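Visitor: only the shape, not the letters, is given here:
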């Protein structure tokens, strides 16, 4: 099963400051360990929200709100995608990450197709198929 | 934490730590069987103590220290009871090995031990079945029941295979070492073969009621990723991993809503796993960049990449697929590769050209009884409009096929040929 690990932003990450060399080293070591165990599928850091945007949906209206966004705790600054055998394994791996200072890192399981196979009606399945054919033609 | 939650957490720690633990212990005691017993004792200790005391901050170090202490204690007890002089000598030696500070662990990397362990469990002195079982157990961290489910034999058989494999390794004194350059290629291909065997059994199950068994593919992928981390300079390691990632990207599109197989050309390509495709293509680039002539796994990955990049069957670069199969056929001389090449030739240059190649293969003794030969021939004949001949071939293929799901598909394809 796949998991997404969401790393929250901080005033430093929002200011575009790079972490200390020491932390980068520790994080590199941790990433290597994840990769060598065959756990890490992907992972990236994100630019500050000052370079991002939010789009607000209301009826037919679409309002674009430019960054930066203020509530640092709700800002995602990076993510990992892991392949683990169980939720417990993902937790064990996350416990080994080099975070500190009260940081809370969120672990979420990624939906598998089987997770919502039951909700997929034949009509939805067909729509899915049509979409695939269209995007296939456009590519 | 409840008791069962702690046990699940211990399982997770075991999955993460067991390979390194067993590898480290094997380096110390030079016997993979003794090492595994010591590691198991440490696991038992963890199951006794962690539910009360909690999981230690560094569970790996705790398990290693406990394995050594318990090992020394047990050996001392046996020495006092033992009568045979020869046996006592061996036990005293083990105590000595376990009791001294592990200086090597401070200069050496744990990964090196894991790599040595991989070469040991995949040693050519063992049968293929034994290599698969021992590698899944010691490197993959799977339990005997899990391996039994994976290879579809009884738990007793798996346990027997593992016991015998360990005995063979001890008796033939297989060294705990990474092979030298002169034999590395050969030994490496034995390792890669084990991993790909596991993957293939998951990708198209040779027996049973399921057409694919994704959990087995996941185990093989994990082994492949571990190997790529251990041997980053070996192109074929990346080639095999790329091949498995690209094939696994199609897993969910490969099975229809009722568990029936869906062939490549009929697959809904939007359901291919984009993350695995990207990882596979990146792995292939890495293999190619490392230089040298492309090996068999890298060539197969390059073929899989042609499919991964193509938006549809028609837009696939079939001439390139044929060229890659040319290279693979020259390298392996395998009639199965020739058969696949014939499929690509049919696509690239038309069914007449394909039929000529397939007909030549019907005289190949190695393909006698192989269901995919009449299956491919049936498909080519259908493209030529020879429906009755096609039907007969597909029926013959169904007769030869051992997988129930695949047989059903062949029968329904045969039925479609009826006028």
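Guide: Structure's in. What do you need? All of these numbers come straight from a predicted model, not from anything done at the bench. Numbers count the residues shown, from 1 in each chain, chains lettered A, B, ... in the order given.

Visitor: does residue B:47 sit in a helix or strand, and which one?
Guide: helix B:32-53 (DSSP states H and E).

Visitor: and that helix, what does it pack onto?
Guide: Applying 3 or more C-beta pairs under 8 Å, 6 or more residues apart in numbering or on different chains; DSSP states H and E, we find helix B:32-53 packed against helix B:3-29, helix B:59-81, helix B:110-121, helix B:128-138, helix B:155-171. Using the backbone N, CA and C atoms, a C-beta is placed for each residue, glycine as well.

Visitor: now do 6 Å
Guide: In terms of contacts (3 or more C-beta pairs under 6 Å, 6 or more residues apart in numbering or on different chains; DSSP states H and E), helix B:32-53 is packed against helix B:3-29, helix B:59-81, helix B:155-171.

Visitor: comparing those helices, which comes out most buried?
Guide: Among those, ranked by average contacts under mean count of other C-beta atoms under 10 Å in any protein chain shown, first place goes to helix B:3-29 (a mean of 21).

Visitor: hmm, that helix touching chain A?
Guide: Yes - residues of helix B:3-29 contacting chain A under C-beta under 6 Å from any C-beta of the partner chain: B:8, B:9, B:12, B:13, B:15, B:16.

Visitor: residue contacts, the fourth one?
Guide: Residue B:13 makes contact with A:92, B:59, according to C-beta atoms under 6 Å, 6 or more residues apart in numbering or on different chains.

Visitor: state whether residue A:18 is indeed within a strand.
Guide: No - counting by DSSP: H, G, I helix; E, B strand; the rest coil, residue A:18 is not part of a strand but coil.

Visitor: that one: how many residues sit nearby?
Guide: Residue A:18 has 10 neighbours, counted by other C-beta atoms under 10 Å in any protein chain shown.

Visitor: what sits closest to it if chain neighbours are left out?
Guide: residue A:24 (7.5 Å; C-beta to C-beta, 6 or more residues apart in numbering or on different chains).

Visitor: quickly note the distance from the one you found to chain B.
Guide: Counting by C-beta to the nearest C-beta, to the nearest Å, the gap from residue A:24 to chain B is 20 Å.

Visitor: sort out which residues of stretch B:378-396 are buried, please.
Guide: B:378-383, B:386, B:389-396 (16 or more other C-beta atoms under 10 Å in any protein chain shown).

Visitor: check stretch A:12-29 too.
Guide: For stretch A:12-29, using 16+ other C-beta under 10 Å, the buried residues are A:13, A:14, A:26, A:27.

Visitor: what mean pLDDT does it get?
Guide: The pLDDT scores in stretch A:12-29 average 90.

Visitor: so what's the residue count around residue 31?
Guide: Using chain A. 14.

Visitor: wait, I meant chain B there
Guide: For residue B:31, using other C-beta under 10 Å, the count is 20.

Visitor: ok, now residue B:400?
Guide: Residue B:400 has 16 nearby residues by other C-beta under 10 Å.

Visitor: quick one: pLDDT of residue 9?
Guide: Let's take chain A. Predicted confidence (pLDDT) for residue A:9: 89.

Visitor: actually, chain B is the one I wanted.
Guide: Looking at residue B:9, the pLDDT reads 90.

Visitor: contacts only, for the nearest residue to it once chain neighbours are set aside.
Guide: With sequence-adjacent residues excluded and distances taken as C-beta to C-beta, 6+ apart, residue B:9 is closest to residue A:88, at 5.0 Å. Counting by C-beta under 6 Å, 6+ apart, residue A:88 touches B:8, B:9, B:12.

Visitor: switch to 10 Å and redo it
Guide: Residue A:88 is in contact with B:5, B:6, B:7, B:8, B:9, B:10, B:11, B:12, B:13, B:15, counting by C-beta atoms under 10 Å, 6 or more residues apart in numbering or on different chains.

Visitor: residue B:139 is in contact with the last one, correct?
Guide: Think residue B:15. No - between residue B:15 and residue B:139 there is no contact under C-beta atoms under 10 Å: 11.7 Å.

Visitor: need the residues touching each of the two.
Guide: Here residue B:15 and residue B:139 have residue B:222 as joint contacts, going by C-beta under 10 Å, 6+ apart.

Visitor: residues in contact with residue B:374?
Guide: B:358, B:362, B:367, B:381, B:390, B:392-401, B:410.

Visitor: 7 Å instead, please
Guide: B:393, B:396, B:397 (C-beta atoms under 7 Å, 6 or more residues apart in numbering or on different chains).

Visitor: what about those, which are in strands?
Guide: Nothing among these maps onto strands, per DSSP state E.

Visitor: nearest to residue B:93 among those?
Guide: Lowest distance from residue B:93 to the contacts of residue B:374 (C-beta to C-beta) belongs to residue B:397, with 58.9 Å.

Visitor: picking up where we left off before, so what pLDDT did the residue nearest to residue B:9 get?
Guide: With respect to pLDDT, residue A:88 scores 95.

Visitor: please tell me how far it sits from residue B:21.
Guide: 18 Å (C-beta to C-beta, to the nearest Å).

Visitor: swap in residue B:198?
Guide: For residue B:198, the distance to residue B:21 - C-beta to C-beta - is 22 Å.

Visitor: need the contact list for residue B:170.
Guide: With contact taken as C-beta under 7 Å, 6+ apart, residue B:170 is in contact with B:31, B:33.

Visitor: repeat that for residue B:161.
Guide: B:129, B:130, B:133 are the contacts of residue B:161 under C-beta under 7 Å, 6+ apart.

Visitor: can you tell me, leaving aside adjacent residues, what's nearest to the first one?
Guide: It refers to residue B:129. Closest to residue B:129 by C-beta to C-beta, 6+ apart is residue B:161, at 5.9 Å.

Visitor: picking up where we left off before, what comes up buried for the helix holding residue B:47?
Guide: B:32-39, B:41-43, B:45-46, B:50-51.
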